[in-house]
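J.: Next come a sequence and a model predicted from it.
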Amino acid sequence: METPSQEIFNEMKSIATDIWNTYDNQYGYVTEKLDRINSFDNIQDNAMVFYRMFDTQNQMTFFFQASPEVRTYIKNNL
């Protein structure tokens with residue numbers, strides 16, 4: 001796995017955060033996921049964790065919100 005540029009990492013982190021923020025946080029599940037996202041540094045394939053933490057439908061949402069550079073990074077690291 002390749003470590004992405006900081007820009008790709010930041011974009012993937014932002015997309016993941018945006019998707020989680022669409023969910024109800026009544027039981028703290030969103031907070032738990034956001035805490036996990038915020039705990040990662042840009043090393044190895046940590047950016048792919050942001051993508052892989054979602055089900056197929058949300059992975060599609062993630063992918064289509066991403067820039068061409070992020071899409072290429074995802075495709076190359078699946």
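T.: Perfect, thanks for sending it.
J.: got a pLDDT number for the residue nearest in space to the middle of the chain?
T.: Among the residues of the chain, residue 50 comes closest to the average C-alpha position under Cα atoms, centre = their mean, at 2.7 Å. Residue 50 is assigned a pLDDT of 97 by the prediction.
J.: got it, and the one 10 residues further on?
T.: Predicted confidence (pLDDT) for residue 60: 98.
J.: That one: how many residues sit nearby?
T.: The number of residues packed near residue 60 is 11, by other Cβ atoms under 10 Å. For every residue, glycine as well, the C-beta is placed using N, CA and C.
J.: about what we covered before: tell me the contacts of the residue nearest to the centre of the chain?
T.: Contacts for residue 50 (Cβ atoms under 8 Å, 6 or more residues apart in numbering) come out as 12-13, 15-16, 37, 40, 62.
J.: In helices, which of the residues you listed appear?
T.: Among the contacts of residue 50, DSSP state H puts 12-13, 15-16, 37, 62 in helices.
J.: for those residues, which one is nearest residue 76?
T.: residue 12 (13.2 Å; Cβ to Cβ).
J.: ok, the closest one to residue 69 distance?
T.: Distance, residue 12 to residue 69, by Cβ to Cβ, to the nearest Å: 10 Å.
J.: neighbour count winner among these two?
T.: Between residue 12 and residue 69, residue 12 has the larger neighbour count (other Cβ under 10 Å), namely 26 against 13.
J.: got the buried residues for the strand or helix carrying residue 32?
T.: When elements are assigned from DSSP states H and E, residue 32 belongs to helix 29-38. Of all the residues in helix 29-38, those buried under the rule 16 or more other Cβ atoms under 10 Å are 30, 33, 37.
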